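> here is the input, now give the coordinates:
(chains A and B)
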Amino acid sequence: MTALPLSATDLAMSAILVLVNAVASLALGLQIHRSLLVAALRMVAQLLLVGLALRWILSNQSPWLTALAVLLMIAAAAREVASRSRKPLAGSAGLRISTVVVGTASMLTVALALATALRPDPWYDPRYAIPLMGIVLGSVLNSASIALDAFLTGASSSAAVIEARLALGAGRGQALRAPLMAAIRSGMLPVINQMSAAGIITLPGIMTGQVLAGMDALAAAKYQILLMFILAGASGLAAFGAATLAMLRLTDGRQRLRLDRLRR
Amino acid sequence: MTNVPAHCLLSFMDHISSPPPLSHASHAPHAWEQEPIAGSPPRLRAQAIGSAVVAPTDITLQAGQCLVVDGPSGAGKTRLLRLLADLDEGQGEAWLDGQARSAMPAPQWRRQVLYQAAEPAWWEATVMAHFPADQHERAVTLAQRLALGEDRLHADLAQLSTGERQRAALVRSLLMQPLVFLLDEPTSALDAANVARVEDLLRDAMSQGMALLLVTHAQEQARRLGNGTLQVVRRSAP
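All right, here's what the predicted structure looks like:
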């Protein structure tokens, strides 16, 4: 498969669109030209760096280098999940939970995909492992952060109900069932929307990329279907794991509600 | 609630031989246990129950007795009830009919040593939706004793007045048939007739062995129901 190579001039041409937006912002007093330009520059620098790094990793074919890259990606995603809660857990509990959840959900699903559907040789071929990990992490990050945030805010806003149920002898699973279910549902929603909109409302990024890069459209569609299933599985695991671990952290051995374990 | 260390002093009017010491600075658990009835442990016994807010407190309560928890607002009365129900973290040990709290799962303890908050929360649309089907009949009977018609149990909770919700909360708690009832301000929104109905119902439950720990600001009520008073006093600043 061959892609039409892009020259620096091609990129510069498309950058004109961003400049037009910035000028419009200046003219209309929208005050966003600065952040728009900064974001555009960041994007260019980040993607070029990642491209260079990936090129290096791909040419090396070292399992250790691949593993290191994957671990770094997981750590970055976990940090992002922990920092997105509006009512974060106190101390390092949020980071611990998100590391466990992000690591488990992404590695399990990527390992499953590499062991069954894709089967590259060797299995750790970075050409498959790293992009797959990247897209799975994107989805896991979304689901885990939404579920974590939804559970923590839900539990603290319905503290009176939870404590009333505990006082009447309910266990923590029963007393916290409503916020837990709501959080898992919220965490799963993006991937459900993504699946139902795929191909009709949006042409998914991977498929677009592969078609642009010269792959047969049907083959690209099959890849996308596989990916969607993997993403759905990873999202479900991440939402369930994040909400459940947060629930355990927000209660103790005597099944009390421990809102004091939230950051003040 | 303010985070003031509370100083609790117990005056169990009927059973005290010597006045309790006023200082808890260095805590030595003091026992004002009444003469034990041969062979039967008290319904509720608490030893050095305390937390960062509540100074260590001892309680002995026999079946059918009512202890009124008294003291100014912010002294830690609610905290003490929550501690006894094991809803807040703290020190000390409590026994129900001689069975240690630490030896049973918390939900099992809370079903029997039941705490009802001053403003009880609801999570279903109607009062009745909170009860399993096999308890509906008993709920109606209990509610009728509090002049709460069956239609009110099926009405949307938002339609109920504060007083009606307060009485409904009592129905919800008593349906659990607690052995010890930790009751926080149960009649603050009720008129005299309904206060009398609530007290009647509580007295009935006590005659069947329920022990009651009651937080109330109504002195009359304390006199009518209480067998003793547990004075929770705010510790004065040094």
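> and the helix or strand hosting A:Gln224, what's buried?
Assigned by DSSP states H and E, A:Gln224 falls within helix A:217-249. By 16 or more other CB atoms under 10 Å in any protein chain shown, the buried positions in helix A:217-249 come out as A:220-221, A:223-224, A:226-228, A:230-247, A:249. No exception for glycine: its C-beta is placed from N, CA and C like everyone else's.
> excluding chain neighbours, what is closest to whichever residue of the stretch 151-264 of chain A sits closest to chain B?
Here the stretch 151-264 of chain A gets closest to chain B at one residue, A:Gly169, 3.2 Å apart by CB to the nearest CB. In space, and not counting its chain neighbours, A:Gly169 is closest to B:Arg111: 3.2 Å by CB to CB, 6 or more residues apart in numbering or on different chains.
> that neighbour against B:Pro178, yeah?
Yes. Counting by CB atoms under 8 Å, B:Pro178 is a contact partner of B:Arg111 at 7.3 Å.
> contacting residues around the residue nearest to the spatial centre of chain B?
Geometric centre of chain B, nearest residue: B:Leu182, 1.5 Å, by CA atoms, centre = their mean. By CB atoms under 8 Å, 6 or more residues apart in numbering or on different chains, the residues touching B:Leu182 are B:Leu81, B:Leu84, B:Ala85, B:Val113, B:Leu114, B:Tyr115, B:Gln116, B:Leu213.
> show me what from chain B comes close to chain A.
B:85-89, B:105-108, B:110-111, B:114-117, B:119-123, B:172-173, B:176 (CB under 8 Å from any CB of the partner chain).
> what ranges does chain B have for its helices?
With helices called from DSSP state H, chain B shows them at B:77-84, B:106-112, B:136-145, B:150-154, B:162-174, B:192-207, B:219-225.
> same check on the stretch 51-200 of chain A?
Using DSSP state H, counting those that start in this stretch, the helices of the stretch 51-200 of chain A run over residues A:63-83, A:93-113, A:126-157, A:159-167, A:172-175, A:177-197.
> so what's A:Glu163 up against?
A:Glu163 touches A:Ala175, A:Leu257, B:Leu87, B:Ala117, B:Ala121, counting by CB under 8 Å, 6+ apart.
> got JSON lines for the residues you listed, with pLDDT, distance to A:Ala105 and neighbour count too?
As requested, these are exported to JSON lines (pLDDT from 0 to 100; distance: CB to CB, whole Å; neighbours: other CB atoms under 10 Å in any protein chain shown):
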{"residue": "A:Ala175", "pLDDT": "97", "distance to A:Ala105": "26", "neighbour count": "27"}
{"residue": "A:Leu257", "pLDDT": "97", "distance to A:Ala105": "27", "neighbour count": "23"}
{"residue": "B:Leu87", "pLDDT": "97", "distance to A:Ala105": "34", "neighbour count": "22"}
{"residue": "B:Ala117", "pLDDT": "96", "distance to A:Ala105": "38", "neighbour count": "20"}
{"residue": "B:Ala121", "pLDDT": "96", "distance to A:Ala105": "34", "neighbour count": "16"}
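> and the pLDDT for B:Ala218?
With respect to pLDDT, B:Ala218 has a value of 89.
> ok, now how distant is it from chain A?
23 Å (CB to the nearest CB, to the nearest Å).
> ok, B:Leu179 next?
Counting by CB to the nearest CB - B:Leu179 and chain A are separated by 12 Å.
> please look at that residue and B:Asp97 and confirm they touch.
Yes. Judged on CB under 8 Å, B:Leu179 makes contact with B:Asp97 at a distance of 7.1 Å.
> any common contacting residues for those two?
Counting by CB under 8 Å, 6+ apart, the residues touching both B:Leu179 and B:Asp97 are B:Arg43.
> B:Thr60 is in contact with B:Leu67, correct?
No. With contacts counted by CB under 8 Å, B:Leu67 stays clear of B:Thr60, the gap being 9.1 Å.
> give me the number of residues near residue 40?
Answering for chain A, as no chain was given. 16 (other CB atoms under 10 Å in any protein chain shown).
> wait, chain B
11.
> before we move on, what about B:Gln166?
Neighbours around B:Gln166, by other CB under 10 Å: 23.
> list the residues that contact the closest residue to it other than its chain neighbours.
Nearest residue to B:Gln166, sequence neighbours excluded (CB to CB, 6+ apart): B:Ala189, at 5.1 Å. With contact set as CB under 8 Å, 6+ apart, B:Ala189 has these partners: B:Ser161, B:Thr162, B:Gly163, B:Gln166.
> nearest to B:Val198 among these?
B:Gln166 (8.5 Å; CB to CB).
> just confirm that closest one contacts B:Thr187, I think it does.
Yes. Using CB under 8 Å, B:Gln166 is in contact with B:Thr187, at 7.2 Å.
> which stretches of chain B have low pLDDT?
B:1-39, B:233-238 (pLDDT under 70).
> point me to the residue of it nearest chain A.
Closest point on chain B to chain A, by CB to the nearest CB, is B:Arg111, at 3.2 Å.
> residues touching that residue, list them.
B:Arg111 neighbours (CB under 8 Å, 6+ apart): A:Leu168, A:Gly169, B:Met176, B:Pro178.
> which one of those is nearest to B:Leu157?
Of the contacts of B:Arg111, the one sitting nearest to B:Leu157 (CB to CB) turns out to be A:Leu168, at 16.0 Å.
> ok, that closest one - contacts?
B:Arg110, B:Arg111, B:Leu114, B:Arg172, B:Ser173, B:Met176 are the contacts of A:Leu168 under CB under 8 Å, 6+ apart.
> ditto for A:Ile184
By CB under 8 Å, 6+ apart, the neighbours of A:Ile184 are A:Ala147, A:Ala239, A:Phe240, A:Ala243.
> repeat that for A:Met188.
A:Met188 neighbours (CB under 8 Å, 6+ apart): A:Ser143, A:Ser235, A:Gly236, A:Ala239.
> any chance of the residues you listed in a markdown table, plus pLDDT and distance to A:Arg263?
Formatted as a markdown table, the contacts of A:Met188 follow (pLDDT from 0 to 100; distance: CB to CB, whole Å):
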| residue | pLDDT | distance to A:Arg263 |
| --- | --- | --- |
| A:Ser143 | 97 | 22 |
| A:Ser235 | 96 | 26 |
| A:Gly236 | 96 | 28 |
| A:Ala239 | 97 | 22 |
